[in-house]
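*Asks:* Below is the sequence, then the predicted model.
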Amino acid sequence: MPQWTTSRMHRVWLDNEALRLLEFVSAADHPATGFGWLGADGSVVAEQGVHTWVTARMTHVFALAHLDGVPGAGRLADHGVQALRGALRDDEHGGWFAALNADGSPSDDRKDAYQHAFVLLAASSAALAGRPGADALLTDIGNVIEERFWDEATGRCREGGTRDWGATEDYRGANSNMHMVEAFLAAADATGSSVWARRALRIAEFFVHEVAGTRGWRLPEHFTTDWEPVADYNSDDRAHPFRPYGVTVGHVLEWARLLVNLETSLEKAPDWLLADAEAMFSFAVERGWSVDGAEGFVYTLDYDDTPVVRARMHWVVAEAIAVAAVLGLRTGDERYEHWYRVWWDHAAAHLIDTEKGSWHHELDAVSLGVPEGATWSGKPDAYHAYQTVLLPRLPLAGSLAGALAKG
């Protein structure tokens with residue numbers, strides 16, 4: 001069967017979709033403090049203020065676009081770097097605020113691992129793109145990660161806490177550690193230091209090989225400070241956007257892709273990385289895809305595989321497409337080509353918004369229409385979708401920026 005990923009027309013389609021996404025999110029450029037939250041029509045939602053994770057992810061996207069030769073993207077990446085070195089950074093206590101009000105004052109001064117993982121990713125991608133100020137940002141965030149988040153004894157990252165670092169959160173999370181793996185691999189490419197990739201391996205070995213691997217690939221998301229799973233965490237807020245109850249199908253898919261990226265970045269990669277990636281992929285397909293009578297991935301599962309939150313999130317399909325492309329390239333197995341096509345067809349039919357731009361971020365589980373006031377409002381950023389249109393035409397690498405920087 002001919003491969004879509006090597007098809008000339010498919011690659012043209014991917015390029016066109018990338019440019020369409022960039023056109024939409026370019027409107028998020030906030031005059032002073034980073035990138036704003038975009039509504040469904042692409043206009044900035046002023047009352048949302050500026051979130052560090054949005055600004056960092058968009059800086060990463062524009063750095064990738066610059067590396068890919070898109071005129072004007074470098075200027076937008078520079079804007080993000082300046083915001084991350086300026087208004088979003090806490091000059092008094094170090095680290096980064098979670099969010100700012102529209103006037104630039106902190107609306108959320110927590111210091112958590114999730115935000116800081118994306119600052120490291122943005123800094124690494126911008127540094128690989130040669131953007132001014134990126135190297136200094138990379139040094140700064142690298143020092144904060146090592147001082148405040150990385151735990152050498154366990155080989156995992158702690159969560160954050162109060163603005164002055166005086167109290168840390170009584171919680172440990174898989175989601176923030178997963179994004180630290182992604183950011184560490186980008187940092188390894190940007191700095192040339194293998195220590196970042198070795199740290200990423202230690203994180204992945206615990207969460208995937210030890211925890212998920214002994215639970216039939218059902219990965220708990222939430223842990224105590226002693227790294228014991230907390231099964232009922234957020235049982236009263238099951239559709240939480242960052243810390244939902246139960247097993248998050250999209251994270252299982254995302255981990256699978258990151259294991260292949262990690263394997264590529266290591267000189268001597270353990271065999272379990274590929275084996276576990278394929279097992280995680282199979283679990284997500286069998287337990288998460290169209291399991292409740294409607295097309296699409298459910299958001300979360302209970303620990304017995306019963307769907308909990310059935311809403312369809314765009315980022316889950318984006319990660320499914322990405323890992324199918326990566327595993328297909330890595331193994332040559334035609335089943336990944338099959339799913340790659342199925343999920344792109346699904347995205348084209350239901351998620352890609354050809355009228356207003358970008359992708360619908362969330363769909364109702366029954367009608368596959370756009371819900372109002374659910375987990376996600378508007379279309380905050382293009383991180384997942386943009387990476388998904390890039391990955392299928394890149395060689396295997398530790399990071400997207402690393403692959404593009406090597407040409």
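*Replies:* Thanks, I have it.
*Asks:* Residue 51 is in contact with residue 97, correct?
*Replies:* No. Counting by C-beta atoms under 8 Å, residue 51 is not a contact partner of residue 97; they are 9.5 Å apart. All C-beta atoms are positioned from the backbone trio N, CA, C, and that covers glycine.
*Asks:* Tell me where the chain has strands.
*Replies:* 29-30, 34-35, 50-51, 99-100, 106-108, 150-151, 156-157, 172-173, 222-223, 247-248, 300-301, 312-313, 362-363 (DSSP state E).
*Asks:* what would those strands look like in CSV with distance to residue 238?
*Replies:* CSV is the format used below for the strands of the chain (distance: least, C-beta to C-beta, whole Å):
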stretch, distance to residue 238
strand 29-30, 32
strand 34-35, 29
strand 50-51, 22
strand 99-100, 23
strand 106-108, 22
strand 150-151, 29
strand 156-157, 25
strand 172-173, 16
strand 222-223, 12
strand 247-248, 11
strand 300-301, 7
strand 312-313, 14
strand 362-363, 14
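*Asks:* how about the ones you listed in a markdown table, adding distance to residue 60 and mean pLDDT?
*Replies:* As requested, these are exported to a markdown table (distance: least, C-beta to C-beta, whole Å; pLDDT from 0 to 100):
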| stretch | distance to residue 60 | mean pLDDT |
| --- | --- | --- |
| strand 29-30 | 15 | 72 |
| strand 34-35 | 11 | 94 |
| strand 50-51 | 14 | 96 |
| strand 99-100 | 18 | 96 |
| strand 106-108 | 21 | 93 |
| strand 150-151 | 20 | 98 |
| strand 156-157 | 19 | 98 |
| strand 172-173 | 21 | 97 |
| strand 222-223 | 26 | 98 |
| strand 247-248 | 21 | 98 |
| strand 300-301 | 26 | 98 |
| strand 312-313 | 20 | 97 |
| strand 362-363 | 22 | 96 |
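*Asks:* Reformat those as JSON lines; add distance to residue 274 and mean neighbour count.
*Replies:* Below are the strands of the chain laid out as JSON lines (distance: least, C-beta to C-beta, whole Å; neighbours: other C-beta atoms under 10 Å):
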{"stretch": "strand 29-30", "distance to residue 274": "40", "mean neighbour count": "20"}
{"stretch": "strand 34-35", "distance to residue 274": "36", "mean neighbour count": "28"}
{"stretch": "strand 50-51", "distance to residue 274": "35", "mean neighbour count": "25"}
{"stretch": "strand 99-100", "distance to residue 274": "38", "mean neighbour count": "24"}
{"stretch": "strand 106-108", "distance to residue 274": "39", "mean neighbour count": "16"}
{"stretch": "strand 150-151", "distance to residue 274": "26", "mean neighbour count": "16"}
{"stretch": "strand 156-157", "distance to residue 274": "22", "mean neighbour count": "25"}
{"stretch": "strand 172-173", "distance to residue 274": "26", "mean neighbour count": "24"}
{"stretch": "strand 222-223", "distance to residue 274": "26", "mean neighbour count": "20"}
{"stretch": "strand 247-248", "distance to residue 274": "22", "mean neighbour count": "28"}
{"stretch": "strand 300-301", "distance to residue 274": "24", "mean neighbour count": "24"}
{"stretch": "strand 312-313", "distance to residue 274": "27", "mean neighbour count": "26"}
{"stretch": "strand 362-363", "distance to residue 274": "32", "mean neighbour count": "23"}
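*Asks:* Good, we can wrap up now.
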